[in-house]
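**Student:** after the sequence you'll find the predicted model.
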Amino acid sequence: MLEGDKATPGNYVLRVVNFAAAVGTWTATVGRYQTTQTVTTGSPEPYTMTCEVSGQVVRSTQVFIARGQTLSVNPCSDATPAVVYGSSGTAAKAKPKPRPHKKASCTAKAKRKHGKARKRALRRCRAAARRRAHHPHM
């Protein structure tokens with residue numbers, strides 16, 4: 001999708017490789033469309049923390065916190081207010097996305113090729129995976 005200053009006037013070429021189609025023709029429509037982008041962050045989630053002594057609830061605290069945030073609350077402390085709100089400054093970092101295994105990455109790159117080049121690339125991926133299986137330190 002071209003947006004903003006990337007959508008300059010000019011000639012564009014649409015190339016479609018219809019290799020997965022069983023039969024028939026297809027239709028493409030190219031045009032300029034107005035779009036809007038809306039980002040929603042969700043809303044804080046409510047929790048009730050309780051302080052129990054000998055099985056009896058002696059104090060409770062309402063906590064409103066957004067997903068991914070961390071907050072340190074001691075529901076048994078007299079200094080803790082009855083209602084606590086998380087702030088945007090305490091957001092925890094999201095866990096990094098796990099990297100794909102070498103074979104998965106190699107195979108994904110190979111599948112972007114076509115014809116004989118694709119077959120050669122897939123063969124190289126399988127051979128490299130076999131080598132890594134026999135020599136794990138590579």
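**Tutor:** Thanks, I have it. Residues are numbered from 1 along each chain as shown.
**Student:** helix/strand/coil for Thr50?
**Tutor:** strand (DSSP: H, G, I helix; E, B strand; the rest coil).
**Student:** where does the protein dip in pLDDT?
**Tutor:** 1-6, 18-24, 26, 39-41, 87-101, 136-138 (pLDDT under 70).
**Student:** in it, which spans are strands?
**Tutor:** Applying DSSP state E to the chain gives strands spanning 45-53, 56-65, 83-85.
**Student:** partner strands of the shortest one, with direction?
**Tutor:** Put plainly, it is strand 83-85. If you go by DSSP bridges, strand 83-85 pairs up with strand 56-65 (parallel).
**Student:** my read: Val17 touches Gly115, true?
**Tutor:** No: taking contacts as CB atoms under 8 Å, Val17 lies outside contact range of Gly115: 10.6 Å. (Glycine included, C-beta is placed from N, CA and C.)
**Student:** from Cys125, how far out is the spatially closest residue to Cys51 that is not a sequence neighbour?
**Tutor:** Computed as CB to CB, 6 or more residues apart in numbering, the closest residue to Cys51 that is not its neighbour in sequence is Cys76, at 3.8 Å. With distances taken as CB to CB, to the nearest Å, Cys76 is found 57 Å from Cys125.
**Student:** returning to what we had before: what number of residues lie near the residue nearest to Cys51?
**Tutor:** Cys76 has 14 neighbours, counted by other CB atoms under 10 Å.
**Student:** residues contacting it?
**Tutor:** Each residue near Cys76 by CB atoms under 8 Å, 6 or more residues apart in numbering is listed here: 51, 58-59.
**Student:** what does Ala129 give?
**Tutor:** Per CB under 8 Å, 6+ apart, neighbours of Ala129: 102-103, 106.
**Student:** separation between Ala117 and Arg124?
**Tutor:** Ala117 is 11 Å from Arg124, by CB to CB.
**Student:** which helix is the longest one in this structure?
**Tutor:** helix 115-134 (DSSP state H).
**Student:** got the buried residues for that helix?
**Tutor:** 121-122, 125, 129 (16 or more other CB atoms under 10 Å).
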